[in-house]
Each structure stands twice: as C-alpha cells, then as structure tokens.
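A.B. asks: attaching a predicted model along with its sequence, questions to come.
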Amino acid sequence: MFAIPGKQAVTMTDKAAAQISRLMEKDGRKGLRIGVKKGGCAGMEYTMEYVDTVDPNDEVVEQGAARVMIAPMAQMFLFGTQIDYETGLLESGFKFNNPNVSEACGCGESIKFDESLFEK
C-alpha cells in the first residue's frame, strides 16, 4: 500500500462530501470506489463506482457521512488528490485536483501521470 502514516490518501471538499453522502443515502450504498484505468487520449482515466462492500485492500477515506474507497492499484496515482464537486450551468460533476497529473486532455476526462510514479 502506498500511504504515509497519519495522512489520508485523498481529501474531499465539503461539496464533494455532501454529494457523495447524498449518493450513498439515495442508493443505500457503502461508498464510492475510485480508481484509474488505461484509456482516453492522454493515456489514463479516473473510474468511479458504487460499492456495497469494502475491500480490505482499499484505502478508506471518510468525511462526515461520505465514504470513498481507493482501489489498491490507484493509491499511488491518487495520493494527495482533492476531490471536489462542481455545479455549472451545463454540467455538474466531480473534479479531481491531482498533483500527480502531468497532462490532461481538452475534454477533461483523460489524464497522464508524472513518469516518476512508474519508477516506484
């Protein structure tokens, strides 16, 4: 596991925590699992899925009633990320402020990570 004792892998803004809490309550879920996968024009994409059980290998981050689980393979890519929720005129959604991203495509869906992460 890629973690620093006493430091959470990700943080959530109050807006993100409120939205995650609403989603969990509405659907009766245990939380939201966040990961990354290969894809998109920049090489990687974030994944988000509802979960009914907590995997013992997941990093669990809780803020109030909001619970986010980070898939084991994504922990090093997401460490230090702030999750926000933005509401706009045309669209609303989660935004990841990730210090490990070196490039993002114009659509905002695809990301590339700093190559030094792959050397660890």
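C.D. replies: Ah, there it is. Numbering: from 1, shown residues only.

A.B. asks: per-residue pLDDT, residue 95?
C.D. replies: Confidence at residue 95, expressed as pLDDT, is 90.

A.B. asks: how about it, nearest residue that isn't a chain neighbour?
C.D. replies: residue 84 (4.5 Å; CB to CB, 6 or more residues apart in numbering). Where you see a C-beta, it was placed from the backbone N, CA and C, and this is true even at glycine.

A.B. asks: quick one: secondary structure of residue 26?
C.D. replies: helix (DSSP: H, G, I helix; E, B strand; the rest coil).

A.B. asks: which stretches of the chain form strands?
C.D. replies: 10-12, 31-38, 44-51, 59-63, 66-70, 81-87, 92-97, 101-104, 110-113 (DSSP state E).

A.B. asks: with just CA atoms, put the last one into CSV.
C.D. replies: If I follow you right, that is strand 110-113. The C-alpha trace of strand 110-113 is given here as CSV (Å, rounded to 0.1, in the frame of the first residue of the first chain):
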residue,chain,number,x,y,z
SER,A,110,-8.3,11.7,-19.7
ILE,A,111,-5.1,12.3,-17.8
LYS,A,112,-1.4,11.4,-17.9
PHE,A,113,0.6,10.9,-14.7
